[in-house]
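Student: sequence first, then the predicted structure:
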Amino acid sequence: MTVACTGIGVPSGADIAIGLAYRLHRGPVQAAIGRISPDEVQPEIERFRHAVTSAAAQLRAIRDQIPGATPADIREFIDAHLLMLEDRAIAETPIELIRTQYYRAESALQVQRDALVRVFEDMDDAYLSTRKDDVDQV
């Protein structure tokens, strides 16, 4: 396999360079399924809530940096993602999974993401079935 890289590194011989490499992942986000003990439930719920709040703040910051001359549908796209992030299916159901199944925050979100994606994949409408990508983006 041949890999072409462009970047900054230290040449150490013909066709060899030593330096930093970045792997671009182009598949669905996957979190390793992990569990917590019952006494870790409340801190894990707080960690999840903090992550949701932080993600929403990041989306708002991106939206606020959009130049005024940009078409409105770009801002609406980010607003749609904010609404999804605030939806019970993403903001609350993982908390129930943390409470009842003792999942780590990222595992609870992964389990809920997988369930939501299956719903979209099972839809007969081609447009709606592609909305599973929005779940991954959020």
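Tutor: Sure thing, it's come through. Computed from a predicted structure; not experimentally measured.
Student: what residues of the strand or helix carrying Glu76 count as buried?
Tutor: Per DSSP states H and E: Glu76 is located in helix 72-86. Neighbour-count burial for helix 72-86 flags His81, Leu82, Met84 (criterion: 16 or more other Cβ atoms under 10 Å). Bear in mind the C-beta positions are built from the backbone N, C-alpha and C, glycine included.
Student: with stretch 89-105 instead?
Tutor: By neighbour count on 16+ other Cβ under 10 Å, the buried set for stretch 89-105 is Ile90, Ala91, Thr93, Pro94, Ile95, Leu97, Ile98, Tyr102, Tyr103, Arg104, Ala105.
Student: in helices, which of these appear?
Tutor: Ile90, Ala91, Thr93, Pro94, Ile95, Leu97, Ile98, Ala105 (DSSP state H).
Student: among those, which one sits closest to Asp134?
Tutor: Proximity of those to Asp134 (Cβ to Cβ) peaks at Ile90, which lies at 10.7 Å.
Student: measure that closest one to Thr70 for me?
Tutor: 26 Å (Cβ to Cβ, to the nearest Å).
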